[in-house]
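Asks: below: sequence and its predicted model.
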2 protein chains.
Amino acid sequence: MDSRIVNLRSKLDVYKAMAGGGNLADCPVREVIHGLNGKWSSLLMAALAEQPYRFGELRRLVPDISQRMLTQTLHDLQRDGYVHREVFPTKPPSVEYSLTDLGRSMFGALHHLIQWAELNHDAVREARAGFDATQA
Amino acid sequence: MDSRIVNLRSKLDVYKAMAGGGNLADCPVREVIHGLNGKWSSLLMAALAEQPYRFGELRRLVPDISQRMLTQTLHDLQRDGYVHREVFPTKPPSVEYSLTDLGRSMFGALHHLIQWAELNHDAVREARAGFDATQA
DNA sequence: AGTGCTGGTCTCTTTTTGAGACCATTAAGA
DNA sequence: TCTTAATGGTCTCAAAAAGAGACCAGCACT
């Protein structure tokens, strides 16, 4: 048996998390990660991690999101159990979005990545510039 | 001054990381996160975090990625400085992909999210099923 | 001569996203 | 009263991104 394959199995288990048959397709971890891969998901999670916001507040807070994608991303985050949506019977009705316990737990992990990005975005930018220079 | 605004500013600074003028558009953190938002980026990072792989090995390892997206995702990861690409003059030439130091550093942060997904994917699945049931 | 492996690119179709108009209800201003 | 604005959306249409799969050159083996 190829030792490289053994190595692969033992270590990639972290990602595939017991995906049936040992293949990486149909992996539950992939499904979860994919739910956070949307262009706006992590940004909205970061906003709601601070405090609940109403629809219009989020729209003003993230100036370059379209109303359509804000609706849809919030809907998806709610579906995955990260976000709670509550309608208040004011006139006109207002809607408040907040993180659930699951959402706060998930953001705890996402936060590491955001902090890394904060600390290293200049390194990434440099790498990008260097790469683009050689590919000119 | 509205105390909610103050609260917002102080805390969302983590995400916007000194985006000019205080708006969340054109935020360097968003650029970095966006580079990892691709459908295949985190999966390939997890694979390469274990050991270097050749193009064909990655393709076999991730059975449902198209050759086109494998090429493109590896190219993007290389551009952002996470992945090193080395061509060996064998016949036919073989290409090996490996993580750079920056890539390993970034994966350290990403790893938290992957582990969270591993531990909580059943909770997410339940939330999703419950949500879909009420929306029927 | 034919087959297969290497790591790709090219084209075509389908899915996702973005831009912006539209909607009903209500309140405030002129 | 008539206009204007705010609420949280939905709908349509155009643009961008992703997926499927054909194709390619170079070389080895049979």
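Replies: Sure, I can see it.

Asks: any residue of the longest helix that chain A contains touching DNA strand C?
Replies: In chain A, with assignment by DSSP state H, the single longest helix is helix A:101-134. No: using Cβ under 7 Å from any atom of the strand, helix A:101-134 never reaches DNA strand C; the gap is at least 14.2 Å. Backbone N, C-alpha and C define where each C-beta goes, glycine included.

Asks: mind listing the strands for chain A?
Replies: A:53-54, A:83-88, A:94-99 (DSSP state E).

Asks: between those strands, which one is closest to B:M69.
Replies: B:M69 lies closest, by Cβ to Cβ, to one member of these: strand A:83-88, at 29.2 Å.

Asks: just the angle for that closest one relative to strand A:94-99, thanks.
Replies: On the basis of axes from the mean of the first three to the mean of the last three Cα atoms, to 10 degrees, strand A:83-88 is oriented at 160 degrees to strand A:94-99.

Asks: what about strand A:83-88 and DNA strand C, any contact?
Replies: No: Strand A:83-88 is not in contact with DNA strand C by Cβ under 7 Å from any atom of the strand; minimum separation 13.4 Å.

Asks: one more: stretch A:33-52?
Replies: Yes: under the criterion of Cβ under 7 Å from any atom of the strand, stretch A:33-52 makes contact with DNA strand C via A:G38, A:K39, A:W40.

Asks: among these, which one has the most neighbours?
Replies: A:W40 (22 neighbours; other Cβ atoms under 10 Å in any protein chain shown).

Asks: so what's the residue of chain A found nearest DNA strand D up against?
Replies: Residue of chain A nearest DNA strand D, by Cβ to the nearest atom of the strand: A:G56 (2.8 Å). Taking Cβ atoms under 8 Å, 6 or more residues apart in numbering or on different chains as the contact definition, A:G56 lies against nothing.

Asks: quick one: it from A:Y82, how far?
Replies: 20 Å (Cβ to Cβ, to the nearest Å).

Asks: swap in A:V32?
Replies: A:V32 is 10 Å from A:Y82, by Cβ to Cβ.

Asks: could you find the closest non-adjacent residue to the residue most central in space within chain A?
Replies: Among the residues of chain A, A:L36 comes closest to the average C-alpha position under Cα atoms, centre = their mean, at 2.9 Å. With Cβ to Cβ, 6 or more residues apart in numbering or on different chains as the criterion, A:L36 has its nearest non-adjacent residue at 6.3 Å, and that residue is A:S42.

Asks: touching stretch A:72-84 from outside, list them.
Replies: So stretch A:72-84 is contacted by A:32, A:35, A:38, A:40-41, A:44-45, A:48, A:55, A:58, A:65, A:85, A:97-100, A:102-103, A:106-107, B:123-124, B:126-128, B:130-132 (Cβ under 8 Å, 6+ apart).

Asks: can you list the domains in chain A?
Replies: A:1-27, A:36-134 (automatic domain parsing).

Asks: quick one: end-to-end distance for the longest one.
Replies: When the termini of domain A:36-134 are compared using Cα to Cα, to the nearest Å, they are 33 Å apart.
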